[in-house]
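Asks: What would the 3D arrangement of this be:
(chains A, B, C and D)
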Number of protein chains: 4
Amino acid sequence: MIGKNRLEAFSDGVFAIVITLLVLDVHLPIHVPPGQSLAHALGQLWPQYIAYAITFAQVGVIWLNHHRVFQQVKLVDGPLLLLNLNLLLWVALLPFPASVVADYLSEGGTNATTALALYGGAILVTAISFCALYLWLTHDDRLVVNLPPPDAVRKSRVRFMFGLGAYGVAFALSWVSAPLALSVHGAMALYYAFDQATLQQVPEPAG
Amino acid sequence: MIGKNRLEAFSDGVFAIVITLLVLDVHLPIHVPPGQSLAHALGQLWPQYIAYAITFAQVGVIWLNHHRVFQQVKLVDGPLLLLNLNLLLWVALLPFPASVVADYLSEGGTNATTALALYGGAILVTAISFCALYLWLTHDDRLVVNLPPPDAVRKSRVRFMFGLGAYGVAFALSWVSAPLALSVHGAMALYYAFDQATLQQVPEPAG
Amino acid sequence: MIGKNRLEAFSDGVFAIVITLLVLDVHLPIHVPPGQSLAHALGQLWPQYIAYAITFAQVGVIWLNHHRVFQQVKLVDGPLLLLNLNLLLWVALLPFPASVVADYLSEGGTNATTALALYGGAILVTAISFCALYLWLTHDDRLVVNLPPPDAVRKSRVRFMFGLGAYGVAFALSWVSAPLALSVHGAMALYYAFDQATLQQVPEPAG
Amino acid sequence: MIGKNRLEAFSDGVFAIVITLLVLDVHLPIHVPPGQSLAHALGQLWPQYIAYAITFAQVGVIWLNHHRVFQQVKLVDGPLLLLNLNLLLWVALLPFPASVVADYLSEGGTNATTALALYGGAILVTAISFCALYLWLTHDDRLVVNLPPPDAVRKSRVRFMFGLGAYGVAFALSWVSAPLALSVHGAMALYYAFDQATLQQVPEPAG
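Replies: As a prediction, the model looks like this:
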């Protein structure tokens, strides 16, 4: 049986590599000739900077939530292993839709819509994968140290459902307005990051 | 003597990086001009999605099996180190045949056959490398905590041999039908993943 | 609550990946035809070698300082998590300005200035992010094992401020002389590396 | 003071990433058109396969030796930190000369010589960096658990010197014959790997 530590270490490795590979999609498409302005060309890369920052924040938030969830885990069973590999499959894919957004956002029109829909869809599937993992973990008290009281489980599930709903809205907004959809993605990452930060401040006895 | 923990940590690092580098081969070959459909171009990438998913599953399964096997190891000797480095050599190479499959699968014809044969050959050599490592580990009781009873060793060897046989069939099928060969690869990864899941559920006393 | 160990391990993973990805920007732009000199073409890559070496040193120094700072940490709270993710966001971005410097330094003129300013700006923001993290850690004695005596805290803050000042000077020097600005960056990395080395030799009781 | 564990973990991370990035230089230069043979094009990649295998073996051997050496370390001081970062600087650079060898070996002529000399030089500098680290570690008994008896230290230094000499010969052979120089590199990696394997089999009491 794979221990919880190895599962966390492997997942952390994947998260750290994904978050660092994102920079490979921040680059100038061609060498700017000496007579032309490099500063202008760098300014044109704004969709790449946005895609980098938002995706970095989202992977960072997934890492934070992954740890919070696994902190309570006492036993890793087979379905949990598969659900975790399924989550990593989608997280490791995120640099692809991020690069498509970086390349097509500034064009506007149908292709920017498609790029955002691809990105929103990938994030939504990632969130669904995380939810599936969380639901499996909390469906009885076999895998977690102390199944929280029903009230707390219900609250955390509501939080997850809220997240899914918001990512669904962001996905749908791709067809309305690419910048608006992207703003919702950015807002979600910030919301989870700061929400996380607040929660973290509550000291836990058995930390 | 390199401890088992460092060997596992190094191997896990390589597995995590390989599994995450696979995404670098999922990309659009050229920038789609504004007048043309990005959605259509993304749809054309289906061989890349398939190559990503199947190879991700196979590396994930190798990681799972690597842990299961090393869980019983108490001593790391020189041949084991070399056999493990040999396994990593082939696992770290997998993104190359995966990218060749992604690029040539949709063409059909001889080149698709060649791509699949390269992929199947790489997987087969990887499986042989894993078998060699396993046979070395279980050939006496010096390296493992409790050499399982002969019956269990025989059963696990049969499982390994079944795997080698199936990968050999997938390799041979490359010359018959590329989609069929790829299906066998996918089926093998799923089989091992779910088989793994079932096995993992059996609680072990000294987990 | 995410433990200090996991935060350090994740950060170390990002540092190790960033420092290793730098080599991807050391490469020949085109294949040198057989009739022409590869040695000459390799010699032309000197800006890439410089960018590699200086950025490697800077990420290495950040890794060293990150450890020295976290060694005293006993509690990880929410703001610390976010400040650390913010630091990683900028560190993980460094391969981008490094590659721009590598590509435009030898041209001289306005574009070399822009490249250096981008690099200097990225380093400066990274340094500011590190300072923010350090100021949060040391603003009271809640997060660190033993808040050093005020004198030592003051001295360490002066050191940080000196660093920020020097990086600010390097940033400003981009508009004066690209080689000079780069020299200051290199000197800073060496200064911190050797300063670090001296400090490290002082044995600590509770190491 | 950075603990030995963190130094080893960071170094292992860099080794694992370098060894896995090598596969990025194994790729087809252009898409083979449907009418032409993919198998033939894959066969043309033999210099890339050789560069991959030999460099993988060399980084693997450095990883093995790094562990053997650090196993005896009890204290990490400042110079050791810098000497280790210096070693990592050169190890992380190895994918660059490996890719140059992969691209120019089959051409023969002056450029193949240059490519091999670059590769041999990089390996030689890496070996010198490792020797410097080893000499610092063993120059007194402050940093290692038990300084081995003078006889053993002398023998291990002779081993290191033999390695430096052989890498120097391989470097010089670049100007005589590229295949011969490469063969010496491959032979050295195999020699160290099997030598390592033999040594590993001797059980150590305080493993």
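Asks: name the helices or strands packed onto the lowest-mean-pLDDT helix or strand in chain A?
Replies: One helix or strand of chain A scores below all others by mean pLDDT, DSSP states H and E: helix A:178-201, with a mean of 78. Counting contacts by 3 or more Cβ pairs under 8 Å, 6 or more residues apart in numbering or on different chains; DSSP states H and E, helix A:178-201 packs against helix A:46-70, helix A:109-138, helix A:150-173, helix C:78-93. C-betas here are computed from N, CA, C, even on glycine.
Asks: tilt between that helix and helix A:150-173?
Replies: On the basis of axes from the mean of the first three to the mean of the last three Cα atoms, to 10 degrees, helix A:178-201 is oriented at 160 degrees to helix A:150-173.
Asks: so where's chain A uncertain?
Replies: In the predicted model, chain A carries pLDDT under 70 at residues A:1-2, A:147, A:196-207.
Asks: Please save the CA atoms from the least confident helix or strand of chain A in PDB.
Replies: Extracted in PDB, the C-alpha atoms of helix A:178-201 (Å, rounded to 0.1, in the frame of the first residue of the first chain):
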ATOM      1  CA  ALA A 178     -13.300  36.500 -22.900                       C
ATOM      2  CA  PRO A 179     -11.900  39.200 -20.500                       C
ATOM      3  CA  LEU A 180     -14.900  38.800 -18.200                       C
ATOM      4  CA  ALA A 181     -14.400  35.000 -18.100                       C
ATOM      5  CA  LEU A 182     -10.700  35.400 -17.400                       C
ATOM      6  CA  SER A 183     -11.500  37.900 -14.600                       C
ATOM      7  CA  VAL A 184     -13.700  35.300 -12.900                       C
ATOM      8  CA  HIS A 185     -10.900  32.800 -13.100                       C
ATOM      9  CA  GLY A 186      -8.500  35.300 -11.500                       C
ATOM     10  CA  ALA A 187     -11.000  36.300  -8.900                       C
ATOM     11  CA  MET A 188     -11.600  32.700  -8.000                       C
ATOM     12  CA  ALA A 189      -7.900  32.000  -7.500                       C
ATOM     13  CA  LEU A 190      -7.500  35.100  -5.300                       C
ATOM     14  CA  TYR A 191     -10.700  34.200  -3.400                       C
ATOM     15  CA  TYR A 192      -9.400  30.800  -2.600                       C
ATOM     16  CA  ALA A 193      -5.900  32.100  -1.800                       C
ATOM     17  CA  PHE A 194      -7.100  34.600   0.700                       C
ATOM     18  CA  ASP A 195      -9.800  32.400   2.100                       C
ATOM     19  CA  GLN A 196      -7.200  29.800   2.600                       C
ATOM     20  CA  ALA A 197      -5.000  32.300   4.300                       C
ATOM     21  CA  THR A 198      -7.700  33.200   6.700                       C
ATOM     22  CA  LEU A 199      -8.400  29.600   7.500                       C
ATOM     23  CA  GLN A 200      -4.800  28.800   8.000                       C
ATOM     24  CA  GLN A 201      -4.600  31.300  10.800                       C
END
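Asks: and the gap between the residue located most distally from the centre of chain A and C:Thr110?
Replies: Distance from the centre of chain A peaks at A:Gly35, with 40.8 Å (Cα atoms, centre = their mean). Distance from A:Gly35 to C:Thr110, counting by Cβ to Cβ, to the nearest Å: 10 Å.
Asks: Residue of chain A closest to chain B, please.
Replies: Distance from chain B to each residue of chain A (Cβ to the nearest Cβ) is smallest for A:Gly78, at 2.9 Å.
Asks: residue contacts, the spatially closest residue to A:Thr55 that is not a sequence neighbour?
Replies: The shortest distance from A:Thr55 to any non-neighbouring residue, by Cβ to Cβ, 6 or more residues apart in numbering or on different chains, is to A:Ala98 (4.3 Å). Applying Cβ atoms under 8 Å, 6 or more residues apart in numbering or on different chains, we find A:Ala98 in contact with A:22, A:25, A:51-52, A:55, A:119.
Asks: Tell me who's in contact with the closest residue to A:Ala189 other than its chain neighbours.
Replies: Spatial nearest neighbour of A:Ala189, chain neighbours left out: A:Ala57 (3.6 Å); criterion: Cβ to Cβ, 6+ apart. With contact taken as Cβ under 8 Å, 6+ apart, A:Ala57 is in contact with A:186, A:189-190, A:193, C:85, C:89.
Asks: thinking again about what came up before, now the residue nearest to A:Thr55: which helix or strand?
Replies: A:Ala98 belongs to helix A:95-104 when assigned by DSSP states H and E.
Asks: tilt between that helix and helix B:46-70?
Replies: On the basis of the same axes, to 10 degrees, helix A:95-104 is oriented at 150 degrees to helix B:46-70.
Asks: Only alpha carbons, please: show helix A:95-104 as PDB.
Replies: Extracted in PDB, the C-alpha atoms of helix A:95-104 (Å, rounded to 0.1, in the frame of the first residue of the first chain):
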ATOM      1  CA  PRO A  95       0.000  24.500 -19.300                       C
ATOM      2  CA  PHE A  96      -1.600  23.600 -22.600                       C
ATOM      3  CA  PRO A  97      -4.900  25.600 -22.300                       C
ATOM      4  CA  ALA A  98      -2.900  28.300 -20.600                       C
ATOM      5  CA  SER A  99      -0.600  28.600 -23.700                       C
ATOM      6  CA  VAL A 100      -3.700  28.600 -26.000                       C
ATOM      7  CA  VAL A 101      -5.200  31.500 -24.000                       C
ATOM      8  CA  ALA A 102      -1.800  33.300 -24.100                       C
ATOM      9  CA  ASP A 103      -1.700  32.900 -27.900                       C
ATOM     10  CA  TYR A 104      -5.300  33.800 -28.900                       C
END
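Asks: re earlier: how close does the residue farthest from the centre of chain A get to B:Trp63?
Replies: Distance of A:Gly35 to B:Trp63, computed by Cβ to Cβ: 52 Å.
Asks: With A:Ile62 instead?
Replies: A:Ile62 is 19 Å from B:Trp63, by Cβ to Cβ.
Asks: The two - which one has more neighbours?
Replies: Applying other Cβ atoms under 10 Å in any protein chain shown to A:Ile62 and B:Trp63 shows that A:Ile62 carries more neighbours, namely 26 against 23.
Asks: from what I can see that one touches A:Leu88, true?
Replies: No - the pair A:Ile62 / A:Leu88 is not scored as a contact, 10.0 Å apart, by Cβ atoms under 8 Å.
Asks: so which residue of chain A comes closest to chain D?
Replies: The nearest approach of chain A to chain D comes at A:Ile17, 8.2 Å away (Cβ to the nearest Cβ).
Asks: Near that residue, how many other residues are there?
Replies: Counted with other Cβ under 10 Å, the neighbours of A:Ile17 add up to 26.
Asks: you'd agree it is up against B:Thr20?
Replies: Yes - the pair A:Ile17 / B:Thr20 is scored as a contact, 4.1 Å apart, by Cβ under 8 Å.
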